[in-house]
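> got a predicted structure here, sequence first:
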Amino acid sequence: MSSKLPIKQTVGERIRIERIRRGYSQEYMAYELNISQNAYSKVERQQSELTVKRLYAIAKILEMDVKELLPESYEGAALHQHGVSEVWQWVTGWLQTVFKQLPYRK
């Protein structure tokens, strides 16, 4: 199963829409994130891995809550387009990716 579920708007599209709504350029976003404009462009086009840390940084620049950048009705759209087992596989894979990014604690 693909790691990207087909939904109405991708996270990258939502980021782009909110950036444009605020009048920010890709260059400004890249500067604030301390990355190149080309690297930032890949984030919006979902051509690079978007880490949880970077997603939070983008939300902060856009003065938004992270969950506002996530697609609407994500769960409902996924369940209608895929079987429950496929959605569960995707969710567990995503959670594994998130937990790998967290600092180790005893």
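Good, I have the coordinates.
> just give the nearest non-adjacent residue to Lys53, would you?
Distances taken as CB to CB, 6 or more residues apart in numbering put Gln101 closest to Lys53, at 6.6 Å, once the chain neighbours are dropped. Quick note: C-beta positions are derived from backbone N, CA and C, even for glycine.
> and for Ala30?
Ala30 sits nearest to Tyr40 (CB to CB, 6+ apart), 3.9 Å away.
> quick check: the one you found vs Met29, distance?
Separation of Tyr40 from Met29 (CB to CB, to the nearest Å) stands at 5 Å.
> wait, Val52 touches Val98, no?
Yes - using CB atoms under 8 Å as the test, Val52 is close enough to Val98 to be in contact (5.6 Å).
> more neighbours: these two, which one.
Ranked by neighbour count (other CB atoms under 10 Å), Val52 and Val98 place Val52 first, with 15 against 11.
> please enumerate the strands of this protein.
Counting by DSSP state E, no segments of the chain form strands.
> looking at it, which helix is longest?
What stands out as the longest helix in the chain, according to DSSP state H, is helix 84-101.
> confidence score at Leu69?
Leu69 is assigned a predicted lDDT (pLDDT) of 85.
> close enough to count as contact, it and Glu18?
Yes - under the criterion of CB under 8 Å, Leu69 makes contact with Glu18 at 7.1 Å.
> neighbour count for those two, which is higher?
For Leu69 versus Glu18, the count of surrounding residues by other CB under 10 Å is larger for Leu69: 21 against 18.
> what's the closest non-adjacent residue to that one?
Closest to Leu69 by CB to CB, 6+ apart is Arg14, at 5.0 Å.
> tell me, how many residues neighbour the one you found?
By other CB under 10 Å, 19 other residues sit near Arg14.
> likewise the one 5 residues further on?
Arg19 has 19 neighbours, counted by other CB under 10 Å.
> and it, how far from Ser36?
16 Å.
> the residue nearest to Ala30: what's it in contact with?
26, 29-30, 33 (CB atoms under 8 Å, 6 or more residues apart in numbering).
> and these, which is closest to Gln47?
Proximity of the contacts of Tyr40 to Gln47 was ranked by CB to CB; the top entry is Gln26 with 13.5 Å.
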